[in-house]
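S.K.: Need a 3D model of the following:
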Amino acid sequence: MKKRILVVTRTFGKYSRDPIDFLEREGFEVIKVDRIDAKALKGVDALIVGTHPVTAEMIESSDLKIIAKHGVGVDNIDLETATNKGIPVTITTGANSLSVAELTIAFAFALSRGLIWAHNMLFYERKWESIVGQEIAGKVLGVVGFGAIGREVVKKATCLGMKVLVYDPFVSKDSIRLYEAIPVDELDQLLKESDIVSLHVPLNEDTRNMIGERELNLMKRSAFLINTSRGGLVDEAALVKALKEGRIAGAALDVFQEEPPDPNSPLFECPNLIVTAHIGAHTKEAIYRMNMMAAQSVAEFFKGKVPKHIVNKEVVDILKRKGYQEAS
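M.R.: Now for the predicted structure:
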């Protein structure tokens with residue numbers, strides 16, 4: 001009997017059939033759906049999921065053997081329950097790093113030059129008004145988090161002539177210096193010295209609301225905040241207050257505490273805010289890489305191999321005791 005894979009992400013196979021064809025050649029039955037509940041995971045061997053919530057109840061009552069995240073953030077998956085059931089959860093490490101990093105740099109340019117406001121003024125208001133921006137060359141970029149995406153942002157920023165500060169207590173200072181960036185010991189120092197602050201950390205209980213009123217008040221009044229990571233990192237009420245009061249010059253958000261955000265959110269009352277609908281990883285190139293990496297993780301697992309990018313490392317030893325071999 002064919003193994004059944006449930007796919008809950010709209011972009012899987014959307015721009016290329018390669019990942020679906022790959023799985024079908026490997027002998028899997030691929031089922032694409034828009035939403036899932038506990039009943040939907042009965043009789044399903046594997047789940048490929050994007051941002052849809054995968055709750056403890058769903059996992060407990062499921063027949064899942066593996067969960068492959070179509071992306072890198074696993075805050076939508078009950079990792080503890082998956083681990084307790086011995087279910088590996090994989091991610092597509094590095095697949096979307098370039099795309100998210102490029103959006104981050106695009107935000108840096110748009111904020112510094114007032115591009116969105118300049119466009120809206122001429123296109124919608126038909127007003128020929130000069131908006132005076134500033135160059136990003138020579139400015140200080142503060143990067144919070146030095147994972148795959150953070151590193152790509154640093155590489156691009158240094159090429160643009162920016163001075164880059166990095167805060168990541170889990171990465172060695174020497175590793176940061178290799179990228180011609182300056183490691184800092186405290187987040188407060190980065191916030192005080194940066195002209196642009198960009199967030200690139202996962203969402204967990206330690207990072208939730210890591211940028212609140214206190215942190216925003218530490219930033220320069222001329223500074224910008226960029227978040228292309230997870231909405232829960234920023235206290236949105238505090239950000240609205242800071243933007244309206246001119247505590248910071250502006251911000252760009254690709255992610256929100258609630259997605260999609262409430263149409264009546266006070267965020268939309270802030271003209272010095274740029275917003276996009278969680279499109280950081282939405283390039284055809286990144287989507288293809290995520291598609292194939294997620295598919296390959298599932299295929300490796302059912303061939304008796306330990307997939308390369310397992311988040312819940314505790315499961316690795318369990319798999320090895322069952323005879324699973326390291327993937328090449």
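S.K.: show me the contacts for the residue lying closest to Lys305 once chain neighbours are set aside.
M.R.: Nearest non-adjacent residue to Lys305, counting by Cβ to Cβ, 6 or more residues apart in numbering: Ala327, 4.3 Å away. C-beta here means a position set from N, CA and C on the backbone, and glycine is covered the same way. Contacts for Ala327 were tallied using Cβ atoms under 8 Å, 6 or more residues apart in numbering; they are 300, 305-308.
S.K.: Show me which residues of stretch 47-58 are buried.
M.R.: Within stretch 47-58, the residues that qualify as buried are 47-50, 52, 54, 56, 58, counting by 16 or more other Cβ atoms under 10 Å.
S.K.: which among those residues gets closest to Leu319?
M.R.: Checking the buried residues of stretch 47-58 against Leu319 with Cβ to Cβ, the nearest one is Leu47 at 17.1 Å.
S.K.: Now for that closest one: which residues touch it?
M.R.: 5-8, 36, 41, 54, 62, 64, 66-68.
S.K.: for those, which one is nearest Ile77?
M.R.: Distance to Ile77 across the contacts of Leu47 (Cβ to Cβ) is lowest for Val54, with 4.5 Å.
S.K.: my read: that closest one touches Lys69, true?
M.R.: No - look at Val54 against Lys69 with Cβ atoms under 8 Å: they stay out of range, at 9.0 Å.
S.K.: shared neighbours of these two, anything?
M.R.: Residues touching both Val54 and Lys69 (Cβ under 8 Å, 6+ apart): Ile77.
S.K.: What's the separation between Gln46 and Val154?
M.R.: I think there's a mix-up here, since residue 46 is Ala and not Gln. Separation of Ala46 from Val154 (Cβ to Cβ, to the nearest Å): 35 Å.
S.K.: buried sites along stretch 297-307?
M.R.: For stretch 297-307, the buried set under the neighbour-count rule, 16+ other Cβ under 10 Å, comprises 297-302, 305-307.
S.K.: now, which of those lie within helices?
M.R.: Mapping those onto helices (DSSP state H) picks out 297-302.
S.K.: Below-threshold pLDDT in the stretch 51-200 of the chain: ranges please.
M.R.: Low-confidence segments of the stretch 51-200 of the chain (pLDDT under 70): none present.
S.K.: Can you show me the helices along it?
M.R.: Per DSSP state H, counting those that start in this stretch, the stretch 51-200 of the chain carries helices over the ranges 56-60, 79-84, 97-113, 115-123, 148-159, 173-177, 187-193.
S.K.: Can you name the residues that contact the spatially most central residue of the chain?
M.R.: In the chain, the C-alpha nearest the mean C-alpha coordinate belongs to Ser229, at 4.1 Å (Cα atoms, centre = their mean). With contacts defined as Cβ under 8 Å, 6+ apart, the neighbours of Ser229 are 73, 145, 149, 199-203, 255.
S.K.: now the residues you listed in CSV, with neighbour count?
M.R.: Listed next are these as CSV, based on neighbours: other Cβ atoms under 10 Å:
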residue, neighbour count
Gly73, 17
Gly145, 22
Ile149, 28
Leu199, 24
His200, 28
Val201, 21
Pro202, 16
Leu203, 20
Val255, 23
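S.K.: one step back: pipe the helices of the stretch 51-200 of the chain into CSV and attach distance to Phe12 per row.
M.R.: Formatted as CSV, the helices of the stretch 51-200 of the chain follow (distance: least, Cβ to Cβ, whole Å):
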stretch, distance to Phe12
helix 56-60, 19
helix 79-84, 20
helix 97-113, 16
helix 115-123, 31
helix 148-159, 21
helix 173-177, 33
helix 187-193, 36
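S.K.: So which of those helices is nearest Val140?
M.R.: Evaluated with Cβ to Cβ, the helices of the stretch 51-200 of the chain place helix 187-193 nearest to Val140, the distance being 5.8 Å.
S.K.: how far does the closest one sit from the chain's center?
M.R.: Taking the mean of its C-alpha atoms, helix 187-193 sits 22 Å from the chain's own mean (Cα atoms, centre = their mean, to the nearest Å).
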